[in-house]
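Visitor: give me coordinates for this.
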Amino acid sequence: MADLATIGAALSSLKTATEIVKFIRESDVNLEKAELKLKLADLLGSLADTKMELVEVQDTLIEKDKKIAELEDAFQKKDSLARHGDAYYISDKDGNPTGLAYCLRCWENEHKTRQLVNSSKDRGLHICTSCGHQYSGWRTEQISPKQTN
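Guide: The predicted structure is shown next:
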């Protein structure tokens, strides 16, 4: 990931490119062709370095935007989930857990809701499809909504 050093390097490359352009502009009319080609090659190198460093910065910004979106989503889900037994569930309007179970480990570590599924080997187990963590089936059962009279 790009950091302040990468941004500093990109700015340094831009400064070098600017200095080369100034040198070419202010140089004498009789500037040798070979010297001109050398300066232009230096300029192209500096601009290429700058482009690569700025792509790294752009990638970092995209990753940060993605992480911010994930955190905002988790923050919004935070109040809609309730823990019961060894799992999290969607809360009903009264705050009671209801529906299918979500992985406790994934929610607490990554703030992601991953649904638990029945184990194909042992009917008494539920498994997270993402992290593979296993839970006792009776501690992560489906909860039916409470009936109101």
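Visitor: where along this structure do the strands fall?
Guide: For the chain, applying DSSP state E gives strands covering 81-84, 87-91, 97-103, 116-118, 125-128, 134-136.
Visitor: turn those into CSV, including distance to residue 65.
Guide: To be clear about C-beta, it is placed using only N, CA and C from the backbone, and glycine gets the same treatment. Below are the strands of the chain laid out as CSV (distance: least, CB to CB, whole Å):
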stretch, distance to residue 65
strand 81-84, 24
strand 87-91, 26
strand 97-103, 25
strand 116-118, 30
strand 125-128, 27
strand 134-136, 34
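Visitor: okay, these in a markdown table with distance to residue 22 and mean pLDDT next?
Guide: Listed next are these as a markdown table, based on distance: least, CB to CB, whole Å; pLDDT from 0 to 100:
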| stretch | distance to residue 22 | mean pLDDT |
| --- | --- | --- |
| strand 81-84 | 60 | 87 |
| strand 87-91 | 62 | 90 |
| strand 97-103 | 60 | 89 |
| strand 116-118 | 65 | 90 |
| strand 125-128 | 61 | 91 |
| strand 134-136 | 67 | 88 |
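Visitor: any chance of JSON lines for these, columns distance to residue 69 and mean neighbour count?
Guide: Formatted as JSON lines, these follow (distance: least, CB to CB, whole Å; neighbours: other CB atoms under 10 Å):
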{"stretch": "strand 81-84", "distance to residue 69": "18", "mean neighbour count": "16"}
{"stretch": "strand 87-91", "distance to residue 69": "21", "mean neighbour count": "21"}
{"stretch": "strand 97-103", "distance to residue 69": "20", "mean neighbour count": "20"}
{"stretch": "strand 116-118", "distance to residue 69": "25", "mean neighbour count": "17"}
{"stretch": "strand 125-128", "distance to residue 69": "22", "mean neighbour count": "20"}
{"stretch": "strand 134-136", "distance to residue 69": "29", "mean neighbour count": "16"}
